[in-house]
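Trainee: Attaching a predicted model along with its sequence, questions to come.
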Amino acid sequence: MKFSAMLLFLILWSLFVYDPMAHMVWGKGGLLNASLGGRFPTLDFAGGTVVHVTLGVSPLICSAHSTLVEVIAQDQPGLLHRISSKFSQELCNIEIALVETEGQTAIDVYYLTSNGLKLNADQQSRLRAALLADLVS
């Protein structure tokens with residue numbers, strides 16, 4: 001993806017999604033403050049609510065042109081590198097990566113494209129086989 005396209009996306013996303021959502025949550029009469037009857041200031045440290053809601057919607061928008069890959073594996077040093085190396089070997093771009101660890105389990109979700117398009121059936125099969133061969137061994 002070109003830097004100029006990414007920059008344009010970030011500016012538009014901020015103006016039309018993040019800023020209105022932040023106002024709805026934090027502004028006077030915003031959703032959180034109104035739910036408390038307007039008596040208490042909204043405490044949302046580091047923008048957690050707004051960040052999580054907007055990040056939850058982003059993948060839904062991206063899924064229209066990306067292939068979703070979910071990896072659940074035993075967490076270990078170098079796991080993310082091994083996964084992303086397989087993506088690179090299959091000529092895939094990572095559009096969005098949601099990386100999470102719960103205890104000793106890695107639960108990662110990736111939205112991938114290849115040449116700007118969803119992965120075709122052959123690419124999906126090759127990638128699946130490559131990931132399973134690497135992660136199961």
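Mentor: All right, it came through fine. Residues are numbered from 1 along each chain as shown.
Trainee: Where does the prediction get shaky in the chain?
Mentor: 1, 25-63, 137 (pLDDT under 70).
Trainee: again, only using 80
Mentor: 1-2, 6, 10, 13-14, 17-64, 137 (pLDDT under 80).
Trainee: in it, which spans are helices?
Mentor: Assigned by DSSP state H, the helices in the chain fall at 3-13, 19-26, 31-35, 48-62, 79-89, 121-136.
Trainee: Domain-wise, how is the chain divided?
Mentor: 3-61, 64-136 (automatic domain parsing).
Trainee: Now mean neighbour count too, for those, in JSON lines please.
Mentor: C-beta coordinates here come from the backbone N, C-alpha and C atoms, glycine included. Shown next, in JSON lines, are those (neighbours: other CB atoms under 10 Å):
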{"stretch": "domain 3-61", "mean neighbour count": "13"}
{"stretch": "domain 64-136", "mean neighbour count": "14"}
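Trainee: so Leu68 makes contact with Asp108?
Mentor: No: Leu68 lies out of contact with Asp108 (CB atoms under 8 Å); the separation is 11.3 Å.
Trainee: In contact with Tyr110, which residues are there?
Mentor: 68-71, 83, 87, 94, 96-98 (CB atoms under 8 Å, 6 or more residues apart in numbering).
Trainee: Mind doing that once more with 6 Å?
Mentor: By CB atoms under 6 Å, 6 or more residues apart in numbering, Tyr110 lies in contact with 69, 94, 97.
Trainee: so how far is Cys92 from it?
Mentor: Distance from Tyr110 to Cys92, counting by CB to CB, to the nearest Å: 8 Å.
Trainee: One more: Leu117?
Mentor: Separation of Leu117 from Cys92 (CB to CB) stands at 11 Å.
Trainee: Quick check: Ala5 vs Gln124, distance?
Mentor: Distance, Ala5 to Gln124, by CB to CB: 25 Å.
Trainee: Repeat that for Gln89.
Mentor: 14 Å.
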